[in-house]
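Asker: Whatever this is, show me its structure:
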Amino acid sequence: MPVCLTYLNEIRVIFMAAENMINDSVIEFKDATIYQGDVPVITNLNLALNKGEFVYLLGKTGSGKSSLLKTIYGDLTLTKGTGEVSGFKLHNLKRKEIPFLRRKLGIVFQDFQLLSDRNVYENLRFVMKATGWTDEVKIKSRVKDVLAKVGLESKELVMSFQLSGGEQQRISIARALINDPEIILADEPTGNLDPDTSEEIMKLLLDISKQGRCILFATHDLLLYSKFPSRTLMCENNHIADSVSIK
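Answerer: Residues are numbered from 1 along each chain as shown. The predicted model follows:
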């Protein structure tokens, strides 16, 4: 093959690889500033998170972690710079688009936020009905599927308040998986759990990320962080430092 054609083919392969990397991005901010009211809490934010990545979000209380998460799921408006989450442009996001954006996301909270007057099945069914599921046969099948993913197939008819803390958090993760999201935002998901249970939840979330989902894991738990090292975003002094760019 002529040298010039070989060179052109190499350029084409490099371009296709770069294009695939771009297409793998599910969260991206460029020159963005995130505000709480009129106060900037994160400035000059340039960031891209990809499919299948597990990324820590660290920082003291008030450093901007929650503001970043709220911006990602459309609770805070992005007024400076650009942002895109699963194809939704945050800087041009319309109110009517927010429910559709949130269907692309799964959110896991520290305090589980399960309905205590309902069993596990009804907790998950409630979320599904609220997000547009109507076929009861498909609802039942999907509940069984997500419960299997978190290892709680036998807990379908158990009342949520009868579950242990670790089981409740697993149900919370199952709920986050209901709509097969591209991204899971985990906001201090081990904050109310003992160390052994925290490690179990951590391993479960890592396994989920290996299936192609991007997980952004906000935490103060430095023991978990040291035991399961991964890419890290550090919120400090109104900026986010990314470990992938620190030499």
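Asker: Would you agree Arg142 is in contact with Asn179?
Answerer: No - look at Arg142 against Asn179 with CB atoms under 8 Å: they stay out of range, at 9.0 Å. Yep, even glycine has a C-beta here, placed from its N, CA and C like the rest.
Asker: Please enumerate the shared neighbours of the two.
Answerer: Counting by CB atoms under 8 Å, 6 or more residues apart in numbering, Arg142 and Asn179 have no common neighbour.
Asker: partners of the residue nearest the centre of the chain in the sheet?
Answerer: Nearest to the mean C-alpha position of the chain, by CA atoms, centre = their mean, lies Ile184 at 2.2 Å. Beta-bridge partners for Ile184, by DSSP bridges, are Gly106, Ile215.
Asker: confidence score at it?
Answerer: pLDDT, Ile184: 96.
Asker: And the pLDDT at the closest residue to Ser230 other than its chain neighbours?
Answerer: Residue nearest to Ser230 in three dimensions, not counting chain neighbours: Phe54, with 4.8 Å by CB to CB, 6 or more residues apart in numbering. On pLDDT, Phe54 comes in at 96.
Asker: my guess is Phe54 meets Phe217, correct?
Answerer: Yes - taking CB under 8 Å as the definition, Phe54 is a contact partner of Phe217 at 6.7 Å.
Asker: tell me, what's touching these two both at once?
Answerer: Residues touching both Phe54 and Phe217 (CB under 8 Å, 6+ apart) are Leu205.
Asker: who's more crowded, the two?
Answerer: A count of neighbours by other CB atoms under 10 Å puts Phe217 above the other of Phe54 and Phe217, at 28 against 22.
Asker: Mind checking what secondary structure that one has?
Answerer: strand (DSSP: H, G, I helix; E, B strand; the rest coil).
Asker: That one against Leu204, yeah?
Answerer: No - the criterion here is CB under 8 Å, and Phe217 misses it with Leu204 at 11.7 Å.
Asker: now the residue lying closest to Asn50 once chain neighbours are set aside: how far from Ala48?
Answerer: Closest residue to Asn50 apart from its sequence neighbours, by CB to CB, 6+ apart: Asp24 at 4.3 Å. Using CB to CB, to the nearest Å, Asp24 is found at 9 Å from Ala48.
Asker: Understood, closing this out.
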